[in-house]
Each structure stands twice: as structure tokens, then as C-alpha cells.
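Trainee: Okay, predicted coordinates and the sequence, questions at the end:
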Amino acid sequence: MALTHLQCKQAVPKEKPYKLGAGGGLHLLVNPSGSKYWRYKYRFGGKEKTLALGVYPETTLAKATAAHQAARDLLAAGTDPMDARKEQSQDNALTFEAVAEKWHEHWKTGKTKKHVDEVWHRLELDIFPAIGSRPISELTTTMVRKAVKVIEARGAVDMAKRQLQKCNQIMRYAVAHDLAERNPVADIRPGDILQPRKKRNYSRVEAKDLPQLLRDINGYVGGEHTRLAMQLMALTFVRTAELIEATWAEFDLPGRRWNIPSERMKMATPHIVPLSKQAVQVLERLQVISFDADYVFPGDVYKKRHMSNNTILYALYRMGYKSRMTGHGFRGVASTILHEQGWPHEHIELQLAHQERDETSAAYNHALYLPQRAKMMQAWADHLDAIQVDNVVSLGVAKAS
């Protein structure tokens, strides 16, 4: 007769261990101490083995029977159930941080050391303290959500979004390499759990005030690097960090082109800035005064570091533009005037690096409309020259090309 739940419950200890058979090698071992263990006796490779299936009553008769059947199925397929148990145990012990290390080693190919180190450092600060020690097989959507919400709570919404994306990449790697059965982050979008980032309104002058600003920049009596930085920012309207962290290796002056690598861009894709004749002239002067530094804008004290993030902002303050203009403000002014002049919206947005691009299209999209954008950037530089002299607001509508 088949073993019943009542028999398991009423089995009393004796002087020596004894077994209650359940068929097919499954039995309940009753010890003199009163403890009861489920065991499965089988043969593999000509050897007799015993597999532990749990402790009664935590492991019920039904659960033991199901585990027993699963072990028998493995045995029928030619797999030792004990080896499968060991392998599963190792997988269960694999933590999120351990998998992240494997992902990071795979992912870092082709990336700069600075970017690779920064990504790992952010994981160490923001993610591993929350879920790093969790077994990869036990990671849940709730755990990940709580981790990124903590980042959001300190006001770092963009960082929370990026860390959510990194968790997704790590879990995709885990699934692809049979380290996890499912990705609990796959169906989460940043907008599902994070509040939208409030748009910052950067101070900027009106178009009518731009001529005087440019004249004030040209007459700036502070450091020459700072004056040239403001001039180049007006000509290229890149982000402040993209400007001050620029290295000479990124520039092709004969080709009149600035290639900003993906790791320095907000959208993490490469960006091309066509250089006007005026921008090249600024850069040629910078080459003369940069003292063979790697950075185009080396620091005043430490030449191996780049210019401070606040240098341009404070220079504008000293010129009387506090609360009226910021480094980022040049982007808004350029966008407004170029749109008014009739340049195509997609050319302007791409030059501002506003368009989000996925990994598969990044290498293609960042070079879109390059001849047209080069023409636009030269026209923009010519416009800045003209308004400083004539104080005109527009050079007319751009011709379609």
C-alpha cells in the first residue's frame, strides 16, 4: 500500500533508525531522535546513491513525491539527480553582484577605461548595497524598484533611470548565459516607476541681447582660456561638460570636425560637431596656449585636469549676466534663432544631440545630415560675426538643401 500522510505523522522513533517506504526508492527515514527525513535511493553509473529530498513535516508527502518524480525523470534522461542538485545549488548561490561582474567584463569591450570604471563605481554606490548580495534566482521586480526609488528620492532622477537600465542589461546577460530563468526587470520602463524629471529652464539672453553678449565675451579681461571657451561654446553650442572635458585627440582640424565619443555624451552615443572656420581659428589659438596638455581647456592650477565646471558660469557673472545667462543658455539661443531662420528642425535637434538613439542605430544616426549640418554651423558662425558688427537679429531664412 502507498504511504499516507497519517502514517508519516504517526511514525514514532525507535532505538534504531527505520524507513517507511513510499515506492520507487522514496522513503521516510525516522531517526531515534524523532527527526524524519525524506530520502531517495537510486543507482547511477553502477553505484548506489541516496538523495536528500527534505525534512518532514516542512516537506510534506506531496512535495516529497513531486521531488522524487523530478529526480526519477532526470535519472531516466541519463542525468545524476545529485549532480543536478549541486549545479542548481551553485546557481542559487550566484549573487546579483557576481553576475554583474561577469556582465561588466563582457560589456566593457570597446569602452574607455574611464567610462568602464565609472559605470562600475555607480553600481557599487547605488545598486549593490541594496541587491548585490541577493541570489540571482531570487531577485524580484520589487527589489529592483525599491533600489532605484532610493536613488530617485535623493533627487538623482537621471541616475535612477540609468541604473534601472543597467540592472536590465545585467539580467538580460544572466538569462542569455543560463544564470537566471527570467529577467524581472524586462517589463519595467522608467516611466512606470520614476517621476518625470522636471525640465530645467536655463537662464539665457534674448536674441536681441546676443550681440552685446558676444562683444562682452570678446572683451573679457579674465583668463584667455575662459574667453576662448565662451567663444567656442557660442560657436558650437555643446553642453558645458562636453566642452570643458574635450581632449585634443577628439579634433580633426584639417577636416573641420569634432568627434565626441559616446562615453562623454548624455545619450551615450557618439556626436559629431562640424567646425566652422571661426571655430577652427579659436582652436588653433587654444593649441598655442594649452602647454601640450591633453585637455583643450586645462585647469588653471592643475594642467592635467580640465577646466572647472563653474568657470564659464562665474565668468558670465563677472560680466554682469548673473541670472541672465548660463553656459547651457547658448544652446537655447542657438536653437531659437536657427529655427527662426528656417533651418530644418531635425538638423538642429541632431546638432543639439537631443535625439535618443538606440545601440543598433547609434553609429548611423550620429552622422545623419552631416553636410547640411556643416553648412548650418558655418552660417551660424557667420551670423554671430555679423550681429556683433551690424547688430542685426537675423541673416534671413535658410535655403533648403
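Mentor: Nice, thanks for sending it over.
Trainee: so residue 19 bridges to which residues?
Mentor: With DSSP bridges as the criterion, residue 19 is bridged to residue 29.
Trainee: Burial check on it, number of neighbours?
Mentor: 14 (other Cβ atoms under 10 Å). C-beta: built from backbone N, CA, C; applies to glycine.
Trainee: all numbers from here: first residue = 18
Mentor: Renumbered: residue one is now 18, and that last one reads residue 36.
Trainee: Can you read off the pLDDT for it?
Mentor: Listed pLDDT for residue 36 reads 94.
Trainee: got the contact list for it?
Mentor: Residue 36 sits next to 44, 45, 46, 47, 56 when contact means Cβ atoms under 8 Å, 6 or more residues apart in numbering.
Trainee: For it, give its distance to residue 43.
Mentor: The gap separating residue 36 from residue 43 is 10 Å, by Cβ to Cβ, to the nearest Å.
Trainee: Report the set of residues contacting both of these two.
Mentor: residue 56.
Trainee: about what we covered before: now render the contacts of residue 36 as TSV, adding distance to residue 254, pLDDT and neighbour count.
Mentor: Shown next, in TSV, are the contacts of residue 36 (distance: Cβ to Cβ, whole Å; pLDDT from 0 to 100; neighbours: other Cβ atoms under 10 Å):
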residue	distance to residue 254	pLDDT	neighbour count
44	78	94	22
45	77	94	22
46	77	93	17
47	81	93	21
56	74	94	18
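Trainee: of all those, which comes closest to residue 62?
Mentor: If you rank the contacts of residue 36 by distance to residue 62 using Cβ to Cβ, residue 56 comes first, at 19.0 Å.
Trainee: In which helix or strand does that closest one reside?
Mentor: strand 53-61 (DSSP states H and E).
Trainee: Each with direction, which strands does that strand pair with?
Mentor: In the sheet, strand 53-61 lines up against strand 43-47 (antiparallel), strand 64-73 (antiparallel) (DSSP bridges).
Trainee: part of a strand, is residue 276?
Mentor: Yes - per DSSP: H, G, I helix; E, B strand; the rest coil, residue 276 lies within a strand segment.
Trainee: List the contacts of it.
Mentor: Contact criterion Cβ under 8 Å, 6+ apart gives 267, 268, 269, 287, 288, 289 as the residues in contact with residue 276.
Trainee: Run a quick neighbour tally on the first one.
Mentor: Think residue 267. Residues contacting residue 267 under the criterion other Cβ under 10 Å number 16.
Trainee: One more: the last one?
Mentor: Residue crowding around residue 289 was assessed by other Cβ under 10 Å; the count is 18.
Trainee: Give me the secondary structure label for residue 184.
Mentor: Per three-state DSSP, residue 184 ends up helix.
Trainee: my guess is it meets residue 147, correct?
Mentor: No - checked against Cβ atoms under 8 Å, the pair residue 184 and residue 147 is beyond contact range at 10.2 Å.
Trainee: and the residue nearest to residue 84 when sequence neighbours are not counted, how far is that from residue 43?
Mentor: Nearest residue to residue 84 in three dimensions, chain neighbours excluded: residue 70, at 4.6 Å (Cβ to Cβ, 6 or more residues apart in numbering). Separation of residue 70 from residue 43 (Cβ to Cβ): 7 Å.
Trainee: Overlap of the contact sets of the two?
Mentor: In contact with both residue 70 and residue 43: 55, 56, 57, 81, 85, using Cβ under 8 Å, 6+ apart.
Trainee: and the first one, bridged to which residues?
Mentor: To tie it back to what came earlier, the one meant is residue 55. residue 45, residue 71.
Trainee: And stretch 291-306, what's buried?
Mentor: The neighbour-count check on stretch 291-306 (16 or more other Cβ atoms under 10 Å) flags 291, 292, 293, 295, 296, 297, 299, 300, 303 as buried.
Trainee: Closest one of those residues to residue 233?
Mentor: residue 299 (16.5 Å).
Trainee: quick one: average confidence on the helix or strand hosting that closest one?
Mentor: For residue 299, the host element (DSSP H and E) is helix 294-306. For helix 294-306, mean pLDDT rounds to 95.
Trainee: Alright, I will stop here.
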